[in-house]
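Student: For reference, the sequence and a predicted model appear below.
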Amino acid sequence: MGPHPAVADVRRAVREALAGPAQGGPVLVACSGGADSLALAAALGFVASRAGLESGLLTVDHQLQPGSAERAEQVAALAASLGLGMAEVLTVEVGTEGGPEAAARDARYRALAEAADRLGARAVLLGHTRDDQAETVLLGLARGSGPRSISGMAARSGRYLRPFLDLPRATTVAACLALGLTPWDDPHNEDPRYTRVRVRTRILPLLESELGPGVAEALARTAALAREDADALDEWADRAYQDCALSDIDGSVTLSVPALEALPSAVRRRVLRRAAVAAGAPAGSLSATHVRAVDRLVTHWRGQKPVDLPGGRAAVRRCGTLILAISPIP
């Protein structure tokens with residue numbers, strides 16, 4: 001008798017994610033103890049032990065709840081029973097920049113990156129599911145930040161792999177039940193003070209109720225299509241940047257206005273964003289409004305004053321060129 005269908009699904013997803021030429025270093029899984037990451041850890045343990053892969057578990061203690069250290073140790077202690085070779089608790093200090101959700105995410109990824117570098121990991125598996133992808137798309141739509149913001153999370157982003165993006169959360173819950181695993185329900189996942197929690201517990205159920213089942217799947221499909229388009233435009237913009245850049249030295253970028261004018265607006269704005277970041281504007285603070293203001297120096301030139309950008313940078317048009325540098329520009 002074969003494994004439960006949900007168990008087979010999670011194992012297959014991990015096997016497919018790790019397919020390809022063999023590489024050195026362990027495969028690590030980030031595990032909070034919730035159903036998604038617990039099912040992922042169990043699937044990695046199964047696949048790695050049969051493929052002869054070195055594996056390990058990382059769990060992050062954000063120190064945001066009483067007893068978090070004990071909980072993290074309990075999660076780490078599961079590694080051996082799941083077939084994983086090692087486990088580490090990564091304790092982090094969560095700041096305040098960007099709000100509690102963003103600050104916790106930033107601290108978590110910094111810790112995971114440091115551990116992956118230190119351990120020479122070939123990959124770090126993350127337990128995001130199709131439901132998480134749908135939530136991300138809705139949040140991107142609410143921000144109105146363009147196709148990249150609704151393209152969701154990538155199945156592969158550098159060392160990070162997300163094998164479960166095509167699986168619903170119900171599958172990970174069923175897999176844990178079939179394997180006799182008891183997931184931990186993080187109270188923060190039910191706290192309506194967090195935007196993503198409200199999307200998960202209120203907005204998505206409302207959409208499913210009013211529009212019918214399959215909304216999460218449709219949103220995840222939209223993310224995949226938007227990502228393909230955004231990736232193609234980004235590649236075009238990479239080539240266009242090289243054609244437009246007259247100089248890119250020490251935080252000062254000069255672009256050719258005639259070359260910019262020849263580009264479609266979607267590509268031109270990507271080039272302008274790259275130039276602003278190259279000049280020193282923080283990518284996280286550079287909004288679509290900033291980019292559009294710089295774009296008007298190209299498309300609606302009326303001799304206007306320089307455009308202020310985050311990070312003490314500015315953009316100014318002079319003699320057929322667009323200069324992005326530290327403000328004020330001499």
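Tutor: Nice, thanks for sending it over.
Student: for this protein, what spans make up the strands?
Tutor: 27-30, 55-61, 87-91, 123-125, 156-157, 160-161, 245-249, 252-256, 307-309, 313-318, 321-326 (DSSP state E).
Student: could you dump these to a markdown table with mean neighbour count, distance to residue 150 and mean pLDDT?
Tutor: Backbone N, C-alpha and C define where each C-beta goes, glycine included. Below are the strands of the chain laid out as a markdown table (neighbours: other Cβ atoms under 10 Å; distance: least, Cβ to Cβ, whole Å; pLDDT from 0 to 100):
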| stretch | mean neighbour count | distance to residue 150 | mean pLDDT |
| --- | --- | --- | --- |
| strand 27-30 | 26 | 24 | 97 |
| strand 55-61 | 24 | 27 | 96 |
| strand 87-91 | 19 | 31 | 94 |
| strand 123-125 | 24 | 24 | 97 |
| strand 156-157 | 11 | 16 | 93 |
| strand 160-161 | 21 | 20 | 96 |
| strand 245-249 | 13 | 29 | 89 |
| strand 252-256 | 20 | 28 | 96 |
| strand 307-309 | 20 | 24 | 96 |
| strand 313-318 | 20 | 27 | 96 |
| strand 321-326 | 22 | 27 | 95 |
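Student: Mind putting those into a markdown table with distance to residue 38?
Tutor: Listed next are these as a markdown table, based on distance: least, Cβ to Cβ, whole Å:
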| stretch | distance to residue 38 |
| --- | --- |
| strand 27-30 | 10 |
| strand 55-61 | 10 |
| strand 87-91 | 13 |
| strand 123-125 | 12 |
| strand 156-157 | 22 |
| strand 160-161 | 17 |
| strand 245-249 | 46 |
| strand 252-256 | 47 |
| strand 307-309 | 44 |
| strand 313-318 | 45 |
| strand 321-326 | 47 |
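Student: Hmm, residue 10 and residue 171 touching each other?
Tutor: Yes. Counting by Cβ atoms under 8 Å, residue 10 is a contact partner of residue 171 at 6.7 Å.
Student: any residues in contact with both of those two?
Tutor: 39, 164 (Cβ atoms under 8 Å, 6 or more residues apart in numbering).
Student: which one of those two has more residues nearby?
Tutor: Ranked by neighbour count (other Cβ atoms under 10 Å), residue 171 and residue 10 place residue 10 first, with 30 against 22.
Student: Distance check, that one against residue 177.
Tutor: Applying Cβ to Cβ, to the nearest Å, the value for residue 10 to residue 177 is 12 Å.
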